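S.K.: after the sequence you'll find the predicted model.
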Amino acid sequence: IPLDRTPAEVKQMIERCDAVLLPGSRADVDPAQYAAVRHPKTEETDVKRNAVDEILLQDAYEKRKPILAICYGLQILNVHRAGTLIQDIQDGLPPGKLAVNHEVGRKMPIAHSVRLDPDSRLAGIVKTSGANGAEIPVNSSHHQAADKVGKGLRVVGRCPDDDIIEALEGTTPDHFVVAVQWHP
């Protein structure tokens, strides 16, 4: 969806969309959207992208269109559902808790693992099993993360080393909503 269109044009275009994919971005979600003061390390907001994402999410929830959100997509989805974000992981966790470098810009095929809820839709998709949930390797690279989880979402994946939320799912069984912090 082009970001330079009017809201009416975007709404007309998405009538032909059967699902929504929210990819990553170098921008950050505006902290004002979740009533937070901007952290010094928070990047500027892509206002046009944000406006289009809001229209896409509103339409997807109204019409039960499937949603796959990746990285920034997870963050904007969580905020859209009245959740909040940790604006900078390194500064946002208690001292001594941070065990994993999630920093943006690293080029590594595997950054850390994510432990998935074995009863989650996502675990079924990646075919994991196990009483405590299986761990999968991911190439996660981000400086923000979901904090308070938004309405109608649940945590289904965390980094086992520092407990950062790495995956969310919708709680409505007939609406496919999956969000991952890594880039699949």
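M.R.: On my side now, so go ahead.
S.K.: surely Arg64 touches Pro173?
M.R.: No: with contact defined as CB atoms under 8 Å, Arg64 does not reach Pro173; the gap is 11.0 Å. All C-beta spots, glycine's among them, are computed from the backbone N, C-alpha and C.
S.K.: which one of the two is surrounded by more residues?
M.R.: Neighbour tally, Arg64 and Pro173, criterion other CB atoms under 10 Å: the higher count belongs to Arg64, 13 against 7.
S.K.: what's the helix or strand hosting Leu68 packed up against?
M.R.: Using DSSP states H and E, Leu68 sits within strand 67-70. If contacts are counted by 3 or more CB pairs under 8 Å, 6 or more residues apart in numbering; DSSP states H and E, strand 67-70 sits against strand 20-22, helix 72-80, strand 177-180.
S.K.: can I get those in TSV with mean neighbour count, distance to Val149 and mean pLDDT?
M.R.: TSV is the format used below for those (neighbours: other CB atoms under 10 Å; distance: least, CB to CB, whole Å; pLDDT from 0 to 100):
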stretch	mean neighbour count	distance to Val149	mean pLDDT
strand 20-22	19	17	98
helix 72-80	26	7	98
strand 177-180	24	10	99
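S.K.: are we agreed that Pro137 is in a strand?
M.R.: Yes: counting by DSSP: H, G, I helix; E, B strand; the rest coil, Pro137 is found in a strand.
S.K.: how about the helices in this protein?
M.R.: Secondary structure of the chain (DSSP state H): helices at 7-14, 47-63, 72-80, 89-92, 121-125.
S.K.: pick out the shakiest of the ones you listed, pLDDT-wise.
M.R.: Looking over the helices of the chain, mean pLDDT reaches its minimum on helix 89-92, with a mean of 82.
S.K.: tell me which residues in that one are buried?
M.R.: Neighbour counts over helix 89-92 (16 or more other CB atoms under 10 Å) mark Ile89, Gly92 as buried.
S.K.: what of stretch 134-152?
M.R.: Those would be 134-136, 138, 140-147, 149-150, 152, for stretch 134-152 by 16+ other CB under 10 Å.
S.K.: ends of it, what's the gap?
M.R.: In stretch 134-152, first residue to last residue: 24 Å (CA to CA, to the nearest Å).
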